[in-house]
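Participant: sequence and computational prediction follow.
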Amino acid sequence: MAADQACAFLAPHLPFTRKPGADSLPHVTLTYAQSLDGFVARHDRKPLPLSGPDSATLTHALRASHDAILVGANTLINDNPSLNTRLVASDAAGQPAQSPRPVILDSTLRTPVSARVFTTPRPRADGSRDSRVIVITCEGRYDRERKRALEEDAGAVVLAVQSDDGRVHLPSALAALRDLGVQSVMVEGGATVIGALLTSPEVRVDLLVVTIAPTVIGRGVHAIGDGVRQDTKDKDGRLPVIPKLVDVQWEQFGADMVMLAKPA
Ligand SMILES: NC(=O)C1=CN([C@@H]2O[C@H](COP(=O)(O)OP(=O)(O)OC[C@H]3O[C@@H](n4cnc5c(N)ncnc54)[C@H](O)[C@@H]3O)[C@@H](O)[C@H]2O)C=CC1
Ligand SMILES: Nc1nc(O)c(N)c(N[C@@H]2O[C@H](COP(=O)(O)O)[C@@H](O)[C@H]2O)n1
């Protein structure tokens, strides 16, 4: 069964907890599904089902094993995702599945109050954890009325952190999540977030889990290439660097291949 296979595949990497150290940031897992030719979406950025049922079960087991699940604002707007754990009964450690807290990176608060994520039930077995959606925006860039609407009409927690070239500063976002008690974050995309995270000189990705579906798209949004600002140097004059991968494992889930690796 796919759920058992997912548990066995993920078990050696558990638990996903905060990195050691007084000011340490949460554990970060980066995960996405791509076509055989490297795309996460078609060129129109409409939702694109790539994962088959077995690798989708793995993704939900992974979701259930993290405190929070993070996506970029474009993914939230284009896909209108649920971000819950409806495909699994238990997490990768065999405990009853809980849905992680959704987190949206949204520099200017474009997230609609009608987004599905705000009304998706997110029962938690322990009953005590705050499961409200967290929207992280840039100090000085957001509209106060949008913040009020997200908080009061959608029930979100809106956090404003420092801006990094017009985007949410990733270490500040992770520190804000840590301060809310989040120990582990599963980042699901999209391409811009994947690129920003993989090339961040300040944030470490602890685990990378990539599903490769036997599907050819031809033209679309590239998983890495379209998210990385290859032509721009950062404020210290450095070009984006994508880390090498170590401890690489491959396993077949249904028709898909899944790679699990650690950035060096
Ligand atoms: N196949 C898969 O596994 C997945 C595919 N997707 C696809 O990806 C596409 C969306 O990807 P993108 O357009 O690249 O947008 P995205 O979902 O990566 O969101 C980018 C937006 O996030 C916000 N943001 C704030 N701070 C940021 C930061 N530090 N770094 C990056 N973004 C930050 C900005 O508003 C930015 O425009 C959709 O078509 C969706 O279907 C999304 C997730 C997973
Ligand atoms: N693992 C995976 N496989 C695919 O084929 C996908 N298209 C995605 N997309 C991500 O999952 C979100 C949808 O979540 P719900 O099913 O609505 O809970 C979508 O927004 C992407 O983040 N992932």
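Facilitator: Here it is on my side, so go on. Ligands and ions are numbered 1, 2, ... in the order given.

Participant: and Ala56, that's in a strand?
Facilitator: No - if the criterion is DSSP: H, G, I helix; E, B strand; the rest coil, then Ala56 is helix and not within a strand.

Participant: what does the pLDDT read for it?
Facilitator: You'll see Ala56 listed with a pLDDT of 98.

Participant: nearest residue to it in space, ignoring adjacent ones along the chain?
Facilitator: The shortest distance from Ala56 to any non-neighbouring residue, by C-beta to C-beta, 6 or more residues apart in numbering, is to Leu87 (6.0 Å). For every residue, glycine as well, the C-beta is placed using N, CA and C.

Participant: look at the residue in the chain sticking out farthest from the centre and report its pLDDT.
Facilitator: Among the C-alpha atoms of the chain, the one farthest from their average position, using C-alpha atoms, centre = their mean, is that of Gly237, at 27.7 Å. Per-residue confidence at Gly237 stands at 71 (pLDDT).

Participant: how about residues contacting stretch 43-51?
Facilitator: 33-35, 39-42, 59, 74, 78-80, 211, 213, 215, 217, 219-221, 256 (C-beta atoms under 8 Å, 6 or more residues apart in numbering).

Participant: of these, which are in range of ligand 1?
Facilitator: 33, 40-41, 74, 78-79, 221 (C-beta under 6 Å from any ligand atom).

Participant: just flag the most distant two among the residues you listed.
Facilitator: Among these, the pair separated by the greatest distance (C-beta to C-beta) is Ala33 and Asn74, at 16.4 Å.

Participant: more crowded one of those two?
Facilitator: A side-by-side neighbour count of Ala33 and Asn74, using other C-beta atoms under 10 Å, places Ala33 first with 25 against 19.

Participant: host element of the closest residue to ligand 2 within the stretch 151-264 of the chain?
Facilitator: Proximity of the stretch 151-264 of the chain to ligand 2 (C-beta to the nearest ligand atom) peaks at Glu188, 3.8 Å away. Following DSSP states H and E, the helix or strand that holds Glu188 is strand 184-189.

Participant: give me the next element, helix or strand, following that strand.
Facilitator: Helices and strands here follow DSSP H and E; after strand 184-189, the next one along the chain is helix 191-198.

Participant: related to what we said a few turns ago, now the buried members of the contacts of stretch 43-51.
Facilitator: For these, a burial check counting by 16 or more other C-beta atoms under 10 Å picks out 33-35, 39-41, 59, 74, 78-79, 211, 213, 215, 217, 220-221, 256.

Participant: mind listing which of these are in strands?
Facilitator: Using DSSP state E, the subset of the buried ones among the contacts of stretch 43-51 located in strands is 33-34, 39-41, 211, 220-221, 256.

Participant: of all these, which two lie farthest apart?
Facilitator: Taking C-beta to C-beta as the measure, these span a maximum distance of 18.9 Å, between Val221 and Asp256.

Participant: most centrally placed residue in the protein?
Facilitator: Val187 (1.6 Å).

Participant: was I right to think it contacts Val28?
Facilitator: Yes - in this structure, Val187 is within contact of Val28 by C-beta atoms under 8 Å, at 6.3 Å.
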